[in-house]
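Undergrad: predicted coordinates and the sequence they were generated for:
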2 protein chains.
Amino acid sequence: MAEFKFAKRLDNVSGEAVKEILSYMSDPNIISFGGGSPAKEAYPTEFVREALLNAMDKVPLQMLSYGQTEGWKPLRELYLEQMVRAKGIKADLENVAIGTGGTQGFDLVTQTFINEGDVVLVESPTFLSAITTLNKIGAKLVAVETDAYGIRMDDLEEKIKTYHPKMLYVIPTFQNPTGWTLPNARRQKIAELASRYDVIVAEDDPYCALRYRGEEQAPIKSFDETGHVVLLDSFSKIVSPGIRVGGMVAEKSIMEKMMAVKQCCDTHSTLLVQEVCAEFLRRGMLKGHLEAIKPIYLERMDAMLNAIDKYFPKDISLTPPEGGLFVWVRLNGDVDTRQIVKRSVKEANVAFVPGCPFFVEPEKGKQCMRLNFSSQTPDRIEEGIKALGKILCE
Amino acid sequence: MAEFKFAKRLDNVSGEAVKEILSYMSDPNIISFGGGSPAKEAYPTEFVREALLNAMDKVPLQMLSYGQTEGWKPLRELYLEQMVRAKGIKADLENVAIGTGGTQGFDLVTQTFINEGDVVLVESPTFLSAITTLNKIGAKLVAVETDAYGIRMDDLEEKIKTYHPKMLYVIPTFQNPTGWTLPNARRQKIAELASRYDVIVAEDDPYCALRYRGEEQAPIKSFDETGHVVLLDSFSKIVSPGIRVGGMVAEKSIMEKMMAVKQCCDTHSTLLVQEVCAEFLRRGMLKGHLEAIKPIYLERMDAMLNAIDKYFPKDISLTPPEGGLFVWVRLNGDVDTRQIVKRSVKEANVAFVPGCPFFVEPEKGKQCMRLNFSSQTPDRIEEGIKALGKILCE
């Protein structure tokens, strides 16, 4: 076979990091704290079955025919009402669209705005797949310093002044990988800085519905007066990830351009699963379902925090999250979690994600590990953290 | 609101042409020969309902959990056997993947290979959405001359030598918009030229299953000895378009890069509809279903060809297609079909797609019109063509 020349932008784009995470997850002998899957026990399986039947009984032709790029209108209407305006965001139907998961929303924003070489600011650390997506479009990434609540406003403004970024990518609530949550004051400040310096904010907020403790914070988008903020969210953590449904909220001209891009990407997203989500909202299941599943997650989060307290070295840094799926641990001393994970998989059948791929400068993550608590039962969490702690304490 | 600066590549990217087509299609008073939808009468609605139930009964957790980027394995296996190897293509599981319709396949190929400014050769005319997708990635488009079978081999080789293109985009069977089909000899020649001059061929073949007359031709991919051809196909014309399922076949290193790109784009495609297509193949429905639906299309195609013969001016050019969804008409004299369609919608309630957006140099399509016959009944086709013919004959 020939050797092929791929687009230059893709030199740093490979699916390996995520592939490795997925491979641990599919091995039933491994207790995986990798991944970011919801609890399987939280999937509304019986409801999805019913909703699919319902869709094929009531609107079969619409389900099977070509649909509109911006999404299934009944879902857009319900999403607007229950998940956008309900959060204090001023928006109309023209401002909302449905895509193939939250992942697609961010990809569309990057394709819509980024020229090769444009600077994008990201949190340090940030979601590893977002780094890959930004590399794919040829962005130049600059990391903004963080404290235990997320990005620091002084460093954000300084980096904006220095680098004249096109975009800021931020996960404000129960951040991936850290679990940190930006307080309202910083959210408002981000919206103000975005307007003042003409920076697009890609606000990626897939975890916000999974709050187990503390006060709800308003989306950055709700403070946006000039249209600079694009909000991306997802039904993956609410209904389930395999259906691939996510929402987007943007100013009209931005949404039109994003939809022109989406038309090229996949014409539109699968309609059947959009109707499943519409039916979920139509039946008023959002609040009740979340209240039913949050105790499952809270129990698992506490099981993990307690086990870490019991079995991990005492000199670690950790900020207990108020929701989401992840606990982020920084170890002390001269360690490299990329080496530790190899040992822990081999010797203890426990996997996690090492911190490095979450950083623009990977070496900065050597001491860090992301631990997902949502996809394992409390017993397995205790067992896995105990085994991992034993290795860490050696 | 602010005025936003989008990526420069997108200056020529808008969804307007397709949006206009869709708007005519949704108006029940208009006989629309726009669009490219299959006949609704051909959708296996009852089967889809059953297959969804089956999926939720047998593999509910797999349907709702995160899946693999390359697609639902049972579908990949069945697709490989029944739709890839069955066409004489040498391929293994690592060479096939499932995406969100054929549209995504082509978008992934462009993102994988094209640097801004790279030359891509296209047929003249070619699929209008492919032009937009190539603009989106910043390609420089060069049109290859065609005759009544598709691209001419002499012009193809000359343009390859002159422009050193990165890629050739070609729809070999029942081409969109022309309905033309490339004969085997040219397909083989394309594969040879691609290898000799190191050009990637994006072979977009969504219509090939809809052959009503004449001899089947082998995919270009089946003549590919060096891995330069990427085959894209689709379940849209076989099962239905609203489910958004398409297949891709590529050499291993190409497929890996495409999947790294897809991981950024949408993580993976919706699983439920992939299982619906798997069940369709598992039950051996492919052949029987096609044999059941082809007579519907043939009747409509003949209704259109007969009506054109009866009602259109005698000096038009038209090559009767052997399958697919479209008839392409070139009028004679100093006309502009962009003006004609405005009149025909207003005065006769008949819509079609003017030829211009299918050409790299739009003015070349002034005399042309694309007429879709699949989505209207024979009666409506006769009625619409008669009304359109009246305007054309004035």
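TA: Looks like it came in fine. Here the structure is a predicted model, which is why all the values come from computation and not from measurement.
Undergrad: which residue packs closest to the residue most central in space within chain A, ignoring adjacent ones?
TA: The structure's chain A has its C-alpha centroid closest to residue A:206; by Cα atoms, centre = their mean the separation is 5.1 Å. Distances taken as Cβ to Cβ, 6 or more residues apart in numbering or on different chains place residue A:234 nearest to residue A:206, at 3.9 Å, with adjacent residues excluded. Where you see a C-beta, it was placed from the backbone N, CA and C, and this is true even at glycine.
Undergrad: ok, now residue A:40?
TA: In this structure, residue A:40 finds its nearest non-sequential neighbour in residue B:61, 5.6 Å apart by Cβ to Cβ, 6+ apart.
Undergrad: confirm that neighbour sits in a helix?
TA: Yes: when classified by DSSP: H, G, I helix; E, B strand; the rest coil, residue B:61 is found to be part of a helix.
Undergrad: tell me the contacts of it?
TA: For residue B:61, the residues meeting the contact criterion (Cβ atoms under 8 Å, 6 or more residues apart in numbering or on different chains) are A:40, A:43, A:45.
Undergrad: okay, buried residues for stretch A:235-252 please.
TA: A:235-251 (16 or more other Cβ atoms under 10 Å in any protein chain shown).
Undergrad: now find how far off-centre that stretch is within its chain.
TA: Its chain's C-alpha centre and that of stretch A:235-252 lie 11 Å apart, by Cα atoms, centre = their mean, to the nearest Å.
Undergrad: then stretch A:283-290?
TA: Its chain's average C-alpha position is 21 Å from that of stretch A:283-290, according to Cα atoms, centre = their mean.
Undergrad: can it be found next to chain B?
TA: No: looking at stretch A:283-290 against chain B by Cβ under 8 Å from any Cβ of the partner chain, there are no contacts, and the closest approach is 13.5 Å.
Undergrad: next secondary structure after the helix or strand of chain A with the lowest mean pLDDT?
TA: Of all the helices and strands that make up chain A, helix A:16-25 has the lowest average by mean pLDDT, DSSP states H and E, namely a mean of 72. The C-terminal neighbour of helix A:16-25 among helices and strands, as given by DSSP states H and E, is strand A:31-32.
Undergrad: touching that following strand from outside, list them.
TA: Taking Cβ under 8 Å, 6+ apart as the rule, strand A:31-32 contacts A:21, A:24-25, A:349-352, A:372, A:375-376, A:380-381, A:383-384, A:387.
Undergrad: please name the strands paired to it in the sheet, noting orientation.
TA: Each strand that pairs with strand A:31-32, with its direction, by DSSP bridges: strand A:350-351 (parallel).
Undergrad: which SSE is immediately downstream of the strand it pairs with?
TA: Once strand A:350-351 ends, the next helix or strand along the chain (criterion: DSSP H and E) is strand A:353-354.
Undergrad: rounded mean pLDDT for that following strand, please.
TA: Along strand A:353-354, the predicted confidence averages to a pLDDT of 94.
Undergrad: what about it, distance to the chain center?
TA: With Cα atoms, centre = their mean as the basis, strand A:353-354 stands 16 Å off its chain's centre.
Undergrad: could you do stretch A:203-216 as well?
TA: In terms of Cα atoms, centre = their mean, the centre of stretch A:203-216 is set 11 Å apart from its chain centre.
Undergrad: what's the end-to-end length of that stretch?
TA: Using Cα to Cα, to the nearest Å, the gap from the first to the last residue of stretch A:203-216 comes to 16 Å.
Undergrad: swap in stretch A:196-208?
TA: Taking Cα to Cα, stretch A:196-208 runs 27 Å from one end to the other.
Undergrad: and stretch A:180-187, by the same measure?
TA: Stretch A:180-187: ends 13 Å apart by Cα to Cα.
Undergrad: list the contacts of that stretch.
TA: Outside of stretch A:180-187, the residues that reach it under the criterion Cβ under 8 Å, 6+ apart are A:146, A:148-151, A:153, A:170, A:172-175, A:190, A:214, A:217-220, A:223, A:319, A:321-323, A:328.
Undergrad: only whichever of those residues are buried, select them in ChimeraX.
TA: The following ChimeraX line selects those of the contacts of stretch A:180-187 that are buried, judged by 16+ other Cβ under 10 Å:
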select /A:146,149,150,151,153,170,172,173,174,175,190,217,219,220,223,319,321,322,323,328
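Undergrad: in strands, which of the contacts of stretch A:180-187 fall?
TA: Secondary-structure check on the contacts of stretch A:180-187 using DSSP state E: residues within strands are A:146, A:150, A:151, A:170, A:328.
Undergrad: tell me the bridge partners for the fourth one.
TA: In other words, residue A:170. Going by DSSP bridges, residue A:170 is paired in beta bridges with residue A:203.
Undergrad: show me where the stretch 101-250 of chain A has strands.
TA: Assigned by DSSP state E, counting those that start in this stretch, the stretch 101-250 of chain A shows strands spanning A:119-123, A:140-144, A:146-147, A:150-151, A:167-170, A:200-204, A:229-234, A:246-249.
Undergrad: now do the helices in the stretch 151-300 of chain A.
TA: Taking DSSP state H, counting those that start in this stretch to define them, one finds helices in the stretch 151-300 of chain A at A:153-163, A:184-197, A:252-266, A:271-282, A:285-311.
Undergrad: got the residues of the stretch 101-250 of chain A near chain B?
TA: A:101, A:103-104, A:107, A:111-116, A:129, A:132-133, A:136, A:166, A:195, A:198, A:200, A:226-228, A:239-244.
Undergrad: wait, doesn't residue A:326 sit right on residue A:171?
TA: No: no contact is recorded between residue A:326 and residue A:171 when judged using Cβ atoms under 8 Å, the distance being 10.6 Å.
Undergrad: more neighbours, the two?
TA: Neighbour comparison, residue A:326 and residue A:171: the larger count goes to residue A:171, with 27 against 23 (by other Cβ atoms under 10 Å in any protein chain shown).
Undergrad: quick check, residue A:234 in contact with residue A:246.
TA: Yes: with contact defined as Cβ under 8 Å, residue A:234 reaches residue A:246; the gap is 4.2 Å.
Undergrad: quickly list what's touching both of those two.
TA: Between them, residue A:234 and residue A:246 share the neighbouring residues A:101, A:102, A:105, A:206, with contact defined by Cβ under 8 Å, 6+ apart.
Undergrad: so which of those sit within helices?
TA: Cross-referencing the shared contacts of residue A:234 and residue A:246 with the helices (criterion: DSSP state H) gives A:101, A:102, A:105 as the overlap.
Undergrad: from those, which single one is nearest chain B?
TA: Checking these against chain B with Cβ to the nearest Cβ, the nearest one is residue A:101 at 5.8 Å.
Undergrad: for the closest residue to residue A:176 other than its chain neighbours, what are its contacts?
TA: The spatial neighbour of residue A:176 that comes closest, neighbours along the chain excluded (Cβ to Cβ, 6+ apart), is residue A:127 at 4.6 Å. Neighbour list for residue A:127: A:171, A:176, A:177, A:204, A:358 [criterion: Cβ under 8 Å, 6+ apart].
Undergrad: who's in contact with the fourth one?
TA: I take that to be residue A:204. Counting by Cβ under 8 Å, 6+ apart, residue A:204 makes contact with A:102, A:105, A:106, A:127, A:130, A:169, A:170, A:171, A:232, A:233.
Undergrad: redo that, cut-off 6 Å
TA: Under the criterion of Cβ atoms under 6 Å, 6 or more residues apart in numbering or on different chains, the neighbours of residue A:204 are A:106, A:171, A:232.
Undergrad: around the closest residue to residue A:197 other than its chain neighbours, how many other residues sit close by?
TA: If you skip the residues right next to it in sequence, residue A:197 has residue A:160 as its closest partner in space, 4.9 Å away by Cβ to Cβ, 6+ apart. Residues lying near residue A:160 (other Cβ under 10 Å) number 21.
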